[in-house]
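>>> Any chance you can model this:
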Amino acid sequence: MLSAIVVVHEYGHYKVAVLCGVKVLKFSVGFGKPLIAWQLHPFKRVKLEQIKADAGSEINSGSGPALNLSSPQFKSLAPDPSKTIFLLSSIPLGGYVQMLDEREGGVDQELIDFAFNRKPLKARAAIVAAGPLANLLLAIFLYACVQWVGQLQPSAVVGTPLGGSIVEQADLRSGDRILGLRVGGINSDFQVTPTYRDFVNLLIEAKARSLSESPSLEAASSSVTSNTYTNNPQWVEIAVNRDNPNTVYSKADRVGSANAPRTGVKEDGPTERADTTIELQDILNMPTTQTLRFDLNEWRVSEHLQSSAQERVQALRDLGLTGPKRSPVVNSLVEGGVAKKAGVLPGDEVVKINGLNVSDAQDLVQMIRKSFEKQGSGLAEEQKLTSNWEIRRIVGGQVVHLNLRVIPRTVQEYGKSIGRVDAIIGGEQELVYKRLGFWAGMVFASQLTIDQAISSLGSFKSMVLGQLSWHELSGPLSLAEYAGKTAQGGLANFVSFVAFVSVSVGILNLMPIPVLDGGQLMYYLWELLSGSAPSEVWSARLTQFGLATVILMMCVAMFNDVVRLIG
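Purely as a prediction, here's the structure:
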């Protein structure tokens, strides 16, 4: 994955350099010792040892002397200097393009016009910026490919909202299908939300616009009587389809809820597997049965809403959203954990707890977390936490109901006591196959890439200002782990992850740090404003600073990776 992203990045530099009339000496994928070298036009292998021995040059990551094109030995033994030497090097965590440059060695007079340093400022800036731009274009292309092919996504059927939250007070319920969302009253149109991602993205965008148009978060939070902030509500209206016969209910809903449709289940026989997919057109044709609304100003979020994925998740939870509706199935258990000791098995569906119906996985999680609150204070700790679970299990093709005694353990989370049963919970969810046309896919991919680029820039800014922890920085070990997980989830997930990393690489290289592309662009900006390039002394100092910064970032990222793996 990294090699592919590096090739595209360096090809951006290479292609624009050639178009600007710069002679490219080397194109390397990876750093360190070269493993293979070749030329194109025509294709032929290059003998690295002969070049190093007779030309006195090292074709590596630039640590040795530069290629001396005026050397007679090089002219007689090396390939035609009009041909670029392509390298595959031993450390595949980057790459470079080396161009003809008078600052790195002698250049024959007849080739001097092809030197990088002789090109106009705008040409040099274009060459440097082409690498990150190529990464962003790659991300757009990959995201667009995913949308053109289409993929199954969770539909906008919501799980149980958090108790007392904004959306619960607006009467949003488990199983509600969000058909559309409108901000700004009747003067605006509803925007359709067939998938859960569409729904939350529109919410985030609406809140971001609200923040940009309202007073600062600090002013808003310090004065609850601020007329500008609280007395001018911004209504969000949600078009909901409730109790529609086309809605896919979880199996536990059909068994455990008296008012839910009872289709596809036989109490005395094997369960027919619920169809968890739905056609996009079926969603678009559904009627609105309720229209809910809440004040966007009541939703207080962090100022890092768009710059941190963690803050985004927390913001949605603060609103009361817990994710797409999933069936209350126990996926896996911690060995020796509470649920395992109580006799719960993977695949069990929890129908009731203490006689109360469990509507979905989110409801089950909330009931477990709050289990310590339900008993009287005069009871012993174990009696306070004891829960009676009604389990639905398939044994030998037959459906059986079991009653298990589960005693959640109490843990502290953000200063609050919650219950835990040491299990991963969440089963089937409804999926919708969504595919976009050519232009719609391009627009979607472009907007997604821009949003991620802005989010990445915001994250780096927050880290520099100390507003975001450096623990958020990930290195190659985390990338490898996430790449493996996304690959297991299917080709579309992996391609989307590659696009995400490509955006991150492009934005990282645009940071104004010497030795990165952004640092070079910073030099060119100085040259444009002052009329001259930075002095050699300052260039050397800034390069040392930039190299130290990059090494520090790599060390922090690797440290975070190791801590995550150990933890």
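>>> Now do the same contact list for the residue nearest to residue 473 when sequence neighbours are not counted.
Of all residues not flanking residue 473 in the chain, residue 557 sits nearest, at 4.8 Å (C-beta to C-beta, 6 or more residues apart in numbering). Just so you know, the C-beta spots here come from the backbone N, C-alpha and C atoms, and that holds for glycine as well. Neighbour list for residue 557: 473-476, 478 [criterion: C-beta atoms under 8 Å, 6 or more residues apart in numbering].
>>> what about residue 557, which SS state?
helix (DSSP: H, G, I helix; E, B strand; the rest coil).
>>> could you list every residue that touches the closest residue in space to residue 340 that isn't next to it in sequence?
In space, residue 340 comes closest to residue 333 once its chain neighbours are excluded; the distance is 4.5 Å by C-beta to C-beta, 6+ apart. Contacts for residue 333 were tallied using C-beta under 8 Å, 6+ apart; they are 339-340, 344-346, 422-424.
>>> Out of these, list just those in strands.
423-424 (DSSP state E).
>>> Return the members of the contacts of residue 333 classed as buried.
For the contacts of residue 333, a burial check counting by 16 or more other C-beta atoms under 10 Å picks out 339-340, 344, 422-423.
>>> Including distance to residue 504 and pLDDT, could the residues you listed go into CSV?
Compiled in CSV, the buried ones among the contacts of residue 333 are given as follows (distance: C-beta to C-beta, whole Å; pLDDT from 0 to 100):
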residue, distance to residue 504, pLDDT
339, 37, 88
340, 39, 89
344, 40, 90
422, 34, 88
423, 33, 88
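>>> Return the member of those residues nearest to residue 32.
residue 422 (45.2 Å; C-beta to C-beta).
>>> wouldn't that closest one be in contact with residue 332 here?
No - Residue 422 is beyond contact range of residue 332, at 9.9 Å (criterion: C-beta atoms under 8 Å).
>>> what about the residue positioned nearest the centre of the chain, distance to residue 413?
What sits nearest the mean C-alpha location of the chain, by C-alpha atoms, centre = their mean, is residue 500, with 6.2 Å. Distance, residue 500 to residue 413, using C-beta to C-beta, to the nearest Å: 29 Å.
>>> nearest residue to residue 89 other than its sequence neighbours?
Using C-beta to C-beta, 6+ apart, the closest residue to residue 89 is residue 30 (3.5 Å).
>>> quick check: mean pLDDT across the host helix or strand of the one you found?
Following DSSP states H and E, one finds residue 30 within strand 24-39. Strand 24-39 shows a mean pLDDT of 84 in the predicted model.
>>> what distance separates it from the middle of the whole chain?
32 Å (C-alpha atoms, centre = their mean, to the nearest Å).
>>> Does it pack against any helices or strands, and if so which?
helix 2-19, strand 44-45, strand 85-99 (3 or more C-beta pairs under 8 Å, 6 or more residues apart in numbering; DSSP states H and E).
>>> Would you mind writing the CA trace of the longest one as CSV?
Coordinates of each C-alpha in helix 2-19 appear next as CSV, following Å, rounded to 0.1, in the frame of the first residue of the first chain:
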residue,chain,number,x,y,z
LEU,A,2,2.7,2.5,1.0
SER,A,3,4.8,1.6,-2.1
ALA,A,4,1.8,2.3,-4.4
ILE,A,5,1.2,5.7,-2.7
VAL,A,6,4.9,6.6,-2.9
VAL,A,7,5.1,5.7,-6.6
VAL,A,8,2.1,8.0,-7.3
HIS,A,9,3.6,10.8,-5.2
GLU,A,10,7.0,10.6,-6.8
TYR,A,11,5.5,10.2,-10.3
GLY,A,12,3.8,13.5,-9.7
HIS,A,13,7.2,15.2,-9.2
TYR,A,14,8.7,13.3,-12.1
LYS,A,15,6.0,14.0,-14.6
VAL,A,16,5.7,17.7,-14.0
ALA,A,17,9.6,18.0,-13.9
VAL,A,18,9.7,16.4,-17.4
LEU,A,19,6.9,18.7,-18.6
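>>> Buried residues in the strand holding residue 30, which are they?
24-31, 34, 37.
>>> hang on, residue 515 packs against residue 543?
Yes - the pair residue 515 / residue 543 is scored as a contact, 5.9 Å apart, by C-beta under 8 Å.
>>> These two: which has the busier surroundings?
Taking neighbours as other C-beta atoms under 10 Å, residue 515 and residue 543 compare with residue 515 leading, 17 against 13.
>>> Not counting sequence-adjacent ones, nearest residue to the more buried one?
Closest to residue 515 by C-beta to C-beta, 6+ apart is residue 546, at 4.0 Å.
>>> Pretty sure the one you found sits against residue 516.
Yes - using C-beta under 8 Å as the test, residue 546 is close enough to residue 516 to be in contact (6.7 Å).
>>> Now do the strands in the stretch 301-450 of the chain.
330-333, 349-353, 356-357, 387-395, 398-406, 409-413, 416-420, 423-425, 431-434 (DSSP state E, counting those that start in this stretch).
>>> For residue 285, find the nearest of these.
Per C-beta to C-beta, nearest to residue 285 of the strands of the stretch 301-450 of the chain: strand 431-434, 12.9 Å.
>>> So what are the sheet partners of that closest one and their directions?
strand 151-154 (antiparallel), strand 277-278 (parallel) (DSSP bridges).
>>> least reliable of those going by mean pLDDT?
Among the strands paired with strand 431-434, strand 277-278 scores lowest, with a mean of 81.
>>> In the next helix or strand along the chain from that strand, which of the residues would be classed as buried?
Counting by DSSP H and E, the next helix or strand C-terminal to strand 277-278 is helix 280-284. By neighbour count on 16+ other C-beta under 10 Å, the buried set for helix 280-284 is 280, 283.
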